[in-house]
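**Q** pasting the sequence and the predicted coordinates here, then a few questions.
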Amino acid sequence: MLFNSFSYLFFLLVVYFIYFYFNNFTKSKFAKIFLIGASLFFYSWWNPKYLPLILISITFNYLIGRKIVPDCFISKSNRKIILIIGISLNLLILLYFKYLDFFILNINFLSGSQLQIYKIALPLAISFFTFQQIAFLIDCFLGKSKEYDFLNYVLFISFFPQLIAGPIVHHKQIMPQFKNTKKNNIKYKNIATGIFIFSIGLFKKVVIADSLSPIVKSGFDVASNLSFVESWLTSFAYTFQLYFDFSGYADMAIGSALILNIKLPINFNSPYKSNNLQDFWRSWHMTLGRFLKDYIYIPLGGNKSSNIRTSINLLITFLLGGFWHGAGWTFIFWGLLHGLGLIIYGFWRKANLYLPKFIGWFITFNFINITWVFFRANQWNDAIKIIRGMTGINGFCFPRIFERFVPFLVKENIEFGDLFKNIEVSNQLNFIGLIIICFVLTFFFQNTNQMVSSLKPNWFYLFFTLTISLISISFLGLQGSDSEFLYFNF
């Protein structure tokens, strides 16, 4: 069940009425049990056979968590051993489902062997609920969290708005909200704000991201060769598709939860406006960034040691971050590039060197845009094809209308003709216009968080919400089938 579907809208409406009915007219425990049941139903909608996996994972981590809190009367050394066992088993499950075939393929390549490829289907959300539970175990060991109620823990992991693709939440962020009896009552302000946020996210996904999807697919997966302009437009299309798709998901998750009086942490804060790579990672997929910082980078030593050691810590963190996103060398290379970029930026800052804001933004955005090419490419050849086109190796082709203004360029082997001769574009002007709109929305308009901060109960916001909701629902009807979110693949 996808957020961008009529079935989810109906599901959310039913959950809302029944949840608050239980909260207001019966014991809140029944509301909790219902919400757990609804969340597990939501998860199993895609493939019921993976429901036992998440239930086993939840039960195992709950039992481990109870054994490693400081007040459990077990020595610290034994608690540490149990913690290591718990983390290791979580990672082994993730490695089996997500990375086994990757390792086998590389062993076969290096050794010339022919080990069997299992083609294991990736269970939905396994990366997210595994990281969330590893964070819970570490927090329990450090005394930052503890949970002795099994139903509470099941709800913490399975809560449907954030279950599939985050935001990655901590126990201390969400469970106190469920225990707060003031949240058992309907709050119309939360409903209005939640619908407002959800409608923005739905618009981002179905109107913008899904409109860019065919161009991205054609450029990356279908075309065998791309010109200079085609490559840059394809890369821009994916850069904006990924942002509007994933931030749209986050908005819909946050909006869905807020309707139920639960506040999830924000996950995006205008990342493409960043003037440097460090700021980008403070505003892109913020909950994952905090996880990588708190549970990998800082335990490795962070920036408390020498410059070389700090650089190694950054590199390890981002290599693991890239590998977390997918079982492929393109993801690892993407992580390597960002790790190196942050290392270079760190030395730049320590040398007290600064750039004007616009130049800093220009370099940062183009670095991000180029590195997304490796993130999106299914194979190395797909990435190299795009990079070759972006550097002009595959040739230049500009619209024929410009030929009469710069005739001397014809002698320099610059081609003038159909701008999109290698990728399928149903309407060239619409596509270019959409890219321009994406630039304008991203760089000159407020993000969702800023819009919410200025939200007022007036006719303007009501009209705005209704308008973008109706447009989004119209697009949903025209699509014919629901499109998955990009981060479901990770």
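**A** Alright, I've got the coordinates.
**Q** state which helix of this protein is the longest.
**A** In the chain, taking DSSP state H as the definition, the longest helix is helix 228-259.
**Q** any stretches of the protein with poor pLDDT?
**A** 26-28, 398-418, 480-482, 490 (pLDDT under 70).
**Q** show me where it has strands.
**A** Remark: strands assigned in the chain by DSSP state E are 397-399, 415-417.
**Q** that older thread, which neighbouring elements make contact with the longest helix of the chain?
**A** Packing partners of helix 228-259 (3 or more Cβ pairs under 8 Å, 6 or more residues apart in numbering; DSSP states H and E): helix 6-25, helix 160-163, helix 188-203, helix 210-217, helix 357-376, helix 380-390, strand 397-399, helix 428-444. For every residue, glycine as well, the C-beta is placed using N, CA and C.
**Q** how does it look with 7 Å?
**A** Applying 3 or more Cβ pairs under 7 Å, 6 or more residues apart in numbering; DSSP states H and E, one finds that helix 228-259 makes contact with helix 160-163, helix 188-203, helix 210-217, helix 357-376, helix 380-390, helix 428-444.
**Q** most tightly packed of these?
**A** Sort these by mean neighbour count, taking mean count of other Cβ atoms under 10 Å, and helix 160-163 sits at the top with a mean of 25.
**Q** centre of the chain to that one, how far?
**A** 13 Å (Cα atoms, centre = their mean, to the nearest Å).
**Q** contact partners of that helix?
**A** 38-39, 42-43, 125, 129, 169, 253, 256-257, 264 (Cβ atoms under 7 Å, 6 or more residues apart in numbering).
**Q** now render those as TSV, adding distance to Ile437 and neighbour count.
**A** Below are the contacts of helix 160-163 laid out as TSV (distance: Cβ to Cβ, whole Å; neighbours: other Cβ atoms under 10 Å):
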residue	distance to Ile437	neighbour count
Ala38	37	19
Ser39	36	20
Phe42	33	20
Tyr43	35	23
Ala125	32	23
Phe129	35	26
Val169	32	23
Ala253	24	25
Ser256	26	26
Ala257	29	24
Leu264	28	23
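**Q** want to try CSV for those, with distance to Tyr99 as columns?
**A** As requested, these are arranged in CSV below (distance: Cβ to Cβ, whole Å):
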residue, distance to Tyr99
Ala38, 32
Ser39, 27
Phe42, 26
Tyr43, 22
Ala125, 16
Phe129, 17
Val169, 25
Ala253, 26
Ser256, 31
Ala257, 31
Leu264, 28
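**Q** what is the nearest of the residues you listed to Asn225?
**A** The closest of these to Asn225 turns out to be Ala125 (Cβ to Cβ; 37.2 Å).
**Q** which residues touch the closest one?
**A** 163-165.
**Q** neighbours of Asn24, how many?
**A** 12 (other Cβ atoms under 10 Å).
**Q** whoops, Ile84 was the one
**A** 13.
**Q** figure out which of the helices and strands packed on helix 228-259 is closest to Ser57.
**A** Nearest of the helices and strands packed on helix 228-259 (Cβ to Cβ): helix 160-163, 12.2 Å.
**Q** returning to that earlier point: and the longest helix of the chain with helix 380-390, angle?
**A** 120 degrees (axes from the mean of the first three to the mean of the last three Cα atoms, to 10 degrees).
**Q** what angle sits between helix 228-259 and helix 210-217?
**A** 140 degrees.
**Q** so how far is helix 228-259 off the chain centroid?
**A** 9 Å.
**Q** residues of that helix that come out buried?
**A** 228-259 (16 or more other Cβ atoms under 10 Å).
**Q** which one of the contacts of helix 160-163 sits closest to Asn61?
**A** Looking across the contacts of helix 160-163 and measuring by Cβ to Cβ, the closest to Asn61 is Phe129, at 9.3 Å.
**Q** correct me, but Gly166 touches Arg290?
**A** No - look at Gly166 against Arg290 with Cβ atoms under 7 Å: they stay out of range, at 11.2 Å.
**Q** in terms of neighbours, single out the busier of these two.
**A** Comparing Gly166 with Arg290 by neighbour count (other Cβ under 10 Å), the higher total belongs to Gly166, at 27 against 17.
**Q** neighbours around the spatially closest residue to Asn184 that is not a sequence neighbour, how many?
**A** With Cβ to Cβ, 6 or more residues apart in numbering as the criterion, Asn184 has its nearest non-adjacent residue at 4.0 Å, and that residue is Asn23. By other Cβ under 10 Å, 22 other residues sit near Asn23.
**Q** my read: Asn23 touches Lys32, true?
**A** No - using Cβ under 7 Å, Asn23 makes no contact with Lys32, being 9.2 Å away.
**Q** distance-wise, check Asn106 relative to Ile332.
**A** From Asn106 over to Ile332 the distance is 11 Å, taken as Cβ to Cβ, to the nearest Å.
**Q** which of the two has more neighbours?
**A** Remark: of Asn106 and Ile332, Ile332 carries more neighbours, 20 against 12, as counted by other Cβ under 10 Å.
**Q** please name the nearest non-neighbouring residue to the more buried one.
**A** Leaving aside its sequence neighbours, Ile332 sits nearest to Gly322 (Cβ to Cβ, 6+ apart; 5.0 Å).
**Q** how much space between Asp139 and Ser88?
**A** Counting by Cβ to Cβ, the gap from Asp139 to Ser88 is 17 Å.
**Q** er, Phe240 I mean
**A** Taken as Cβ to Cβ, the span from Phe240 to Ser88 is 39 Å.
**Q** now the closest residue to Trp372 other than its chain neighbours: how far from Ile386?
**A** What sits nearest to Trp372 in space, not counting adjacent residues and going by Cβ to Cβ, 6+ apart, is Thr239, at 5.3 Å. Distance from Thr239 to Ile386, counting by Cβ to Cβ: 12 Å.
**Q** kindly tell me how buried Gln132 is, as a neighbour count.
**A** Gln132: 23 neighbours (other Cβ under 10 Å).
**Q** which residues touch Ile262?
**A** Contacts for Ile262 were tallied using Cβ under 7 Å, 6+ apart; they are 174, 177.
**Q** let's go with 10 Å and repeat that
**A** 35, 159, 161-162, 169, 173-174, 177-178, 180, 183, 190, 194, 254, 256 (Cβ atoms under 10 Å, 6 or more residues apart in numbering).
**Q** the stretch 1-150 of the chain: helices as residue ranges?
**A** Assigned helices in the stretch 1-150 of the chain, in chain order: 6-25, 28-44, 51-68, 76-94, 100-111, 126-142, 150-158 (criterion: DSSP state H, counting those that start in this stretch).
**Q** and Phe485, its phi and psi?
**A** With angles defined as degrees, to the nearest 10, Phe485 sits at phi -80, psi 150.
**Q** skipping its backbone neighbours, what lies nearest it in space?
**A** Per Cβ to Cβ, 6+ apart, closest to Phe485 is Tyr249, 4.8 Å.
**Q** ok, now Ile432?
**A** In space, Ile432 comes closest to Leu233 once its chain neighbours are excluded; the distance is 7.4 Å by Cβ to Cβ, 6+ apart.
**Q** what sits against the one you found?
**A** If you count contacts by Cβ under 10 Å, 6+ apart, then Leu233 has 215, 219, 226-227, 389, 419-420, 423, 425, 428, 431-432, 435 around it.
**Q** how much space between it and Pro265?
**A** 34 Å.
**Q** what of Phe60?
**A** Phe60 is 26 Å from Pro265, where distance means Cβ to Cβ.
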